[in-house]
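**Q** what's the 3D shape of this:
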Amino acid sequence: MYIYFQHSSKKEFVFHIKNNTLSIHPLNTSFFQSPIAITNTYLSHISLVEFRGQFFCSFINTNGTLTILTISIHPITVKSTYESHLTLFSPCLTIFQNHLLLLYLTKENTTTIHITNPFEPDFHLQLEETEPLPDFFTTCESAKELYLTFPSVHVPHIYKITATLTLEKISFENTVTNTHNINGNNANTSTINQDRILYLEETIKRASTQYNALMETAQKYRAEAQKWHNLYISSISQK
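**A** Sure thing, here's the model as predicted:
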């Protein structure tokens with residue numbers, strides 16, 4: 001698997017996963033440079049972000065635990081930032097309100113959503129959900145909130161991280177209001193809160209826009225990665 005990433009310095013890199021080895025390959029250099037191995041303990045669930053000029057890479061290692069690596073690019077050096085020995089699901093790094101956040105799930109009798117910050121050991125948000133949740137979620141960011149959406153056959157489970165870094169659940173239950181019918185009698189009618197409808201519409205719109213943009217970018221990255229892979233294979237065959 002190849003993952004293309006452009007650094008804020010405009011330098012380009014391809015991360016390559018093969019078996020249990022994760023490598024980084026600088027692209028726009030004045031000479032051909034071989035991939036540099038980052039770790040040989042990669043197993044699954046890679047997540048990559050750039051934060052404060054460095055790459056941060058999280059993954060589940062061959063011991064079944066979560067590792068976060070800090071990758072500097074001047075020169076390329078790697079150090080371990082964080083390691084968790086919990087049994088967890090769907091680890092994901094993201095940047096929100098200038099914070100590097102790690103999102104993940106733990107499951108025992110219930111599912112618990114965890115939000116931590118590798119730079120702040122005392123920072124830990126968690127919310128226990130009594131209803132069953134799937135093992136994966138998607139994220140969608142607005143100007144002041146970060147949404148976590150768990151797909152469902154019926155109504156999705158949606159949670160939000162606020163600008164003040166609190167974790168809340170968004171309820172989509174029907175509300176009941178008292179109205180009058182044309183005969184003047186009181187009648188209870190069940191209506192859905194319009195704000196929630198607007199939120200769902202906006203979320204779907206943003207998700208659709210992000211998906212289309214990601215698909216276009218992924219196609220470009222795939223073509224670029226394939227080009228450099230072919231060059232690398234060609235250089236090896238000529239030796």
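
**Q** what are the ranges of the helices in the protein?
**A** Taking DSSP state H, the helices of the chain run over residues 194-237.

**Q** partners of Asn117 in the sheet?
**A** Beta bridges link Asn117 to Glu120, judged by DSSP bridges.

**Q** Same question for Leu22.
**A** For Leu22, the beta-bridge partners under DSSP bridges are Ile17, Thr39.

**Q** Tell me how many other residues crowd it.
**A** The local packing of Leu22 (other Cβ atoms under 10 Å) involves 23 other residues. Where C-beta positions appear, they are placed from N, C-alpha and C, glycine not excepted.

**Q** who are the neighbours in contact with the residue positioned nearest the centre of the chain?
**A** The chain has Cys92 as the residue nearest its centroid, 4.3 Å off, counting by Cα atoms, centre = their mean. Neighbouring residues of Cys92 by Cβ atoms under 8 Å, 6 or more residues apart in numbering: 47, 58, 102-104, 137, 139.

**Q** Try it again at 7 Å.
**A** The contact partners of Cys92, by Cβ atoms under 7 Å, 6 or more residues apart in numbering, come to 47, 103, 139.

**Q** for the protein, where's the lowest mean pLDDT among helices and strands?
**A** Lowest mean confidence among the helices and strands of the chain (mean pLDDT, DSSP states H and E): strand 175-180, at a mean of 36.

**Q** give me the low-pLDDT residue ranges for the chain?
**A** 28-33, 74-75, 81-83, 85, 153, 172-214, 217-218, 221, 232, 235-239 (pLDDT under 70).

**Q** now do 80
**A** 2, 4-11, 26-35, 73-87, 142-143, 152-156, 171-239 (pLDDT under 80).

**Q** what's the domain layout of it?
**A** As assigned by automatic domain parsing, the chain contains the domains 1-85, 87-170, 191-239.

**Q** what's the straight distance from one end of stretch 147-154 to the other?
**A** Between the start and the finish of stretch 147-154 there is a gap of 18 Å, counting by Cα to Cα, to the nearest Å.

**Q** Show me what that stretch is in contact with.
**A** Residues outside stretch 147-154 that contact it (Cβ under 7 Å, 6+ apart): 103, 113, 133-134, 137-140, 156-160, 203.
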